[in-house]
Each structure stands twice: as structure tokens, then as C-alpha cells.
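>>> Output the structure for:
(2 chains)
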Amino acid sequence: SQKIEQNSEALNIQEGKTATLTCNYTNYSPAYLQWYRQDPGRGPVFLLLIRENEKEKRKERLKVTFDTTLKQSLFHITASQPADSATYLCALDRGATNKLIFGTGTLLAVQP
Amino acid sequence: EPEVTQTPSHQVTQMGQEVILHCVPISNHLYFYWYRQILGQKVEFLVSFYNNEISEKSEIFDDQFSVERPDGSNFTLKIRSTKLEDSAMYFCASYGGNYGYTFGSGTRLTVV
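As a prediction, this is how the structure comes out:
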């Protein structure tokens, strides 16, 4: 069955450093890989989408890479701030209107 | 920025009762979804809806569940006879053809 794993349940880093989150998947061939932010008691908020034929995507302090051979995506937040503290979710889908399959998420805590 | 609106934010119901969760998707979006998240677990797909019919549903979405778009703006999820294990956050989402899905803030359903 499909499996999506995100690295360690919690990641603690110092303000100003780069946070790197990992998403690995098996038994799936996604057309898109998406990253969402989720704050406690709130719904996921879309951050970035990368297509299967793209290697890298950037948006302000965010960068996503996608390696379909390794079946892995890396999500980077540069110059991290305490306000970046949240759970970050990786999600896969086979087409733009198809269901999303979510990973369990990584809780990021940025210490001032 | 356009939002997906969900009501109520919190619903407490007795086991065996029917509940209806309400969503107002973004007005020009055509694809609608329901997801749920049991406390401490990942976000799970329930159902997708397009052109006034279900396009896909998960194993979770059994005969106790139904969705409806009664008018041009509302999108509802009905659970006919609630069970304790239906307690979760329920998220509505819509997709309009641009990148990423827009999720609502969720309804916390507590079955007692």
C-alpha cells in the first residue's frame, strides 16, 4: 500500500538557521507533490507545489526539491523565524484535481 | 484572499445522532472535498465532488456518510448515525485550477 513518511516527529532549530524537512514515499507515482503548513486546530494551508518533471521550486524563503528516482522531497525554510513554528505536511496526488494523500507531518519548532 | 468557510467550528453530538457539517467553498471553484483528521493522526481523504456528483470516495466514506451541494454555494457532509470513532476534525477543501487546495478551518466533531 502507499506509504508517505516524514522525518522525525519534531524538529528543533535555532532562529536564523535553515530547516530541512524530508518526505519519502513508496508504492506511488505522484504527478504532484505539495507542501502544507498546519497550525494547531486549523486546516492545512498550501505553501508550494512541485511537478514530477521539476527538480526544484522556490518561493521567498521556501525551497522544495523533488527526486522521483529516490522517491523523496526536501523542504527547506531559510532564515527561519519563530513564526515558522508549525506542523508541515507533505501531500501527494496523481493529478491536479485528485485526492491528496498526506504524510503524518513534521512539527517544526524554531527557538528564538 | 478568498476563504473556505466551515460551520460550526465545534459540534458535540450523542452517539447515534445525525450531524450535518457545513462548508462554503470558494465561489468560482469547481472541485470540492472532505477530509478528516483524528487527533494526533494524519489528514485522511473522505470524498471528492465535481459536477454535482461524487467523483471518488475512500473506504472510510461508507453508507453512513453523504455529501450534498444543495445550492450554488453550500457543500455539506452528513453523518447519519454517528459513532464514537467519528470524533475528529473535518476539513472541507476546494480547488479552482490554480496551484494547491484551499482548506477551511475545520469542524471539530465530538461524539459522546
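
>>> so for stretch B:99-109, what's the average pLDDT?
For stretch B:99-109, the mean pLDDT works out to 93.

>>> how about that stretch against chain A, any contact?
Yes: contact of stretch B:99-109 with chain A (C-beta under 8 Å from any C-beta of the partner chain) involves B:99-106, B:108. Placement of C-beta: from N, CA and C, glycine included.

>>> Just send the residues you listed back as TSV, with secondary structure and distance to residue A:64 too.
Output for the residues of stretch B:99-109 next to chain A, formatted as TSV (DSSP: H, G, I helix; E, B strand; the rest coil; distance: C-beta to C-beta, whole Å):
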residue	secondary structure	distance to residue A:64
B:99	coil	12
B:100	coil	12
B:101	coil	16
B:102	strand	19
B:103	strand	19
B:104	coil	24
B:105	coil	25
B:106	coil	25
B:108	strand	30
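
>>> Would you mind putting the residues you listed into JSON lines with neighbour count alongside?
Formatted as JSON lines, these follow (neighbours: other C-beta atoms under 10 Å in any protein chain shown):
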{"residue": "B:99", "neighbour count": "16"}
{"residue": "B:100", "neighbour count": "21"}
{"residue": "B:101", "neighbour count": "28"}
{"residue": "B:102", "neighbour count": "21"}
{"residue": "B:103", "neighbour count": "24"}
{"residue": "B:104", "neighbour count": "27"}
{"residue": "B:105", "neighbour count": "18"}
{"residue": "B:106", "neighbour count": "24"}
{"residue": "B:108", "neighbour count": "17"}
